[in-house]
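Q: Quick one, what's the 3D model for this:
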Amino acid sequence: MHRIGAKNLLRFVAIGLALAASHVLIASEVDHRELEATLHVPYKAEPAEKTSQARVFTLNFDFRYVEKAQDVSWRLELVSPNGQLVEKWHGVQRLFKKPVALKIKWAGRPDSITVPDGVYQVRMQAVSHDAPPVGASDDSEAGVEKNLATGEVIEQLWELAVGSRAAPAVPAFLSLKTARLAPQEGYPVQASAPAIGALPYTVYFANLHSQTNHSDGGGEVSSCSGSQQPLEAPFGPSDAFIYAMNRGLDILVASEHNHMYDGSSGTKTSATPTAAKALFQSGLTAAGDFNSANPNFLGVYGMEWGVISNGGHLNIFNSNELLAWEYNAGGQLLGDTLTEKNEYVSLYALMRQRGWVGQFNHPSTSSQFLVNGVPLGYTEDGDQAMVLCEVMNTSAFSVNTSETETARSVFEGACRKALESGFHVAFATNQDNHCANWGASYTNRTGILIPTGTPLTQASFVEALKARRVFATMDKNSQLVLTGNGQVMGSRISNSGPLNLVVNFASTTGQTVSSVAIIEGVPGRNGSASTLATVANHSFMPALGEHYYYAKLTQADGNILWSAPIWVSQTANTSDTVAPTISAASLGNSGNITVMANASDNAGVTLVEFYIDGVLKARSNAAPYTARIDSTTLANGAHSLSARAYDAAGNVGLSSAVDLIVNNATTQ
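A: Below is the predicted model of the structure:
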């Protein structure tokens, strides 16, 4: 047996206290110990580069609190509108202690034939590994590809406009602004705006993901450089609500990390359940008190459940219980209700039982939200509970207060994976603020549609989320609403005839549309979604079975909006088996040639399609069934014109083919 003298005992106690303090500090950092890889792509070329269309792409890499130097293997690709690779870059970047920004210059197009006008995509993939000794990194293309084949790859995808192109036509979508607050000096106020007259909803703009000093947020902007020590920053939920309200938001969610109510993101064994639970309840009280005093604003106090490592963060918006998995030295649970760490099946079941709704936060396509080893694995309980997927957010540690942050991440691939798994989720875009700049780092917002005349309350907010009446926008002054046969996005439609999808867009600052896409997928297929149409008004006959559709619209300034999906169950109508009758004709042979159809049906024609030489050229969904064809898109000479008519039961009538003669004038 060895004895320790008093001096040595004091020395060991001091060392133990220092180690304990360092453990607490390290614990507060673990939940943000991950690679951050963002890509900034200028959507349009600078005026000086109008001819060449040259751009500079910025790759930002950061690995906060990393314990070892990292090698980031990255690949950057420029992809044409038809999916062809235009140019590719690769490299390996050493990363340790401080962020790195790489500038990649694209020299632009050599001519408008090899690189024609259109909307291109810039795709970055990056992965991090512990760095080998200096000089031993393999930065060859083969070495980069090998590294990208292992580990958790971060993918970022942004659009890029080359040259000029005709803007797609979009339906009129007029919004009436109603001021919610008097403008604060220097800050434009974002007012709520009624949507189109046929849809009786009011749009409220929200930031649904942020932290205060109830976990690791609330840091003073002038000194905030990362996550804060839990419970120690100066600003709490009430400070966040008033800041966001004064910056023009309608809704702010303080989503506090559920495992930091003991003052650490690790386990602080000296913590008491009483203090942790009391702090959580004080946040709910703060939100309620603030909303009572400010009825035109909604402060929501929720929680961000989970950890990043082998887990995944998700928000719970309406829980009145603190969920926990940590115990103190006395074996007491540091919360109200036990939820096992990284155990999503039982969490989803609890959320469904309690009526709670959630959001997948900054999701990854691999290693997160595992169910039976499957990333973003589906359960029926999860489908009921999870209503949103974060499609884009700004840097969690941004200190920008002028809404110009360029470090932004997009997660559309992971959200598509959730949709393909079978989750009924809408898109959201938030800021994940850890510094005291709630809603101010960028112009992105989540738009919430609440019935006009219904007060803005926690109940109406949750009801809108459950209905998935939500859109995500990078421009706080723009709105996007998708309808299917007149029903608003978020709807689940049983359909047996043609489907008419309409992309409704409005900008209160005069922004125009650069491109629009309607994306189609199959819930439960676990495959890949694809572009169905690049027009804002699209009528077609879906295949029998289950489908989801959402709209993605890019403004002329490069800002993107995502609608919530519409889910369609397409069935056959067996009670009507009579196909429409139809005949086709044309008028003119140059310029705008008019094509016409005479169609009738026992139950009514819902859609007519015109085909030239077997290729679909135009549609009409109302009598008289006519359309115009630009003759210059056809070669001179005889062509075959035919038409198809659809009824509500899905029956199809085919016309006989008739000649269409094209005679474009030629000049010598």
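
Q: so what strands line up beside the helix or strand containing residue 520?
A: For residue 520, the element it lies in under DSSP states H and E is strand 513-521. According to DSSP bridges, strand 513-521 forms sheet pairs with strand 530-533 (antiparallel), strand 545-555 (antiparallel).

Q: For residue 35, which phi and psi angles does the backbone take?
A: As for residue 35, its main-chain torsions (degrees, to the nearest 10) stand at phi -70, psi 130.

Q: gap between the nearest residue to residue 224 once chain neighbours are set aside and residue 622?
A: Closest residue to residue 224 apart from its sequence neighbours, by CB to CB, 6 or more residues apart in numbering: residue 435 at 3.6 Å. Glycine gets a C-beta too; all of them are placed from N, C-alpha and C. Residue 435 sits 54 Å away from residue 622, going by CB to CB, to the nearest Å.

Q: out of these two, which sits in the busier spot?
A: residue 435 (31 against 10; other CB atoms under 10 Å).

Q: Quickly list what that one is bridged to.
A: Beta-bridge partners, per DSSP bridges, of residue 435: residue 219.

Q: same deal with residue 661?
A: Here residue 661 shows beta-bridge partners residue 638, assigned using DSSP bridges.

Q: tally of neighbours for it?
A: Using other CB under 10 Å as the criterion, residue 661 is surrounded by 15 other residues.

Q: OK, contacts around it?
A: 589, 637-639 (CB atoms under 8 Å, 6 or more residues apart in numbering).

Q: if we can go back for a sec, list the contacts of the strand holding residue 520.
A: 43, 119, 159, 161, 165, 167-168, 170, 416, 419-420, 501, 503, 505, 527-536, 538, 547-556, 558.

Q: do that again at 7 Å, thanks
A: For strand 513-521, the external contacting residues (CB atoms under 7 Å, 6 or more residues apart in numbering) are 119, 161, 167-168, 170, 416, 419-420, 501, 503, 505, 529-536, 538, 547-556.

Q: What subset of those is buried?
A: 119, 161, 168, 170, 416, 419-420, 501, 503, 505, 529, 532-533, 535-536, 538, 547-556 (16 or more other CB atoms under 10 Å).

Q: Quick check: bridge partners of the nearest residue to residue 624 once chain neighbours are set aside?
A: Excluding its sequence neighbours, the residue lying closest to residue 624 (CB to CB, 6+ apart) is residue 596, at 7.1 Å. For residue 596, the beta-bridge partners under DSSP bridges are residue 585, residue 626.

Q: Touching, residue 596 and residue 626? I think so.
A: Yes: counting by CB atoms under 7 Å, residue 596 touches residue 626, with 5.0 Å between them.

Q: more crowded one of the two?
A: residue 596 (19 against 16).

Q: Show the contacting residues for that one.
A: 585-587, 625-626.

Q: Neighbour-wise, which one of these leads?
A: Within these, most neighbours by other CB under 10 Å means residue 625, with 23 neighbours.

Q: Next, the distance between the ends of stretch 469-485.
A: One end of stretch 469-485 sits 16 Å from the other (CA to CA, to the nearest Å).

Q: and that stretch, how far out from the chain's middle?
A: The chain centroid and the centroid of stretch 469-485 are separated by 12 Å under CA atoms, centre = their mean, to the nearest Å.

Q: Same question for stretch 536-548.
A: 22 Å.

Q: Let me know the helix or strand that the most centrally placed residue in the chain is in.
A: Geometric centre of the chain, nearest residue: residue 391, 1.7 Å, by CA atoms, centre = their mean. Applying DSSP H and E as the criterion places residue 391 in strand 386-394.

Q: can you list contacts of that strand?
A: By CB under 7 Å, 6+ apart, strand 386-394 touches 209, 357-363, 405, 407-412, 415, 418, 423, 425-432, 441-442, 444, 465-466, 468, 470, 472, 474, 562.
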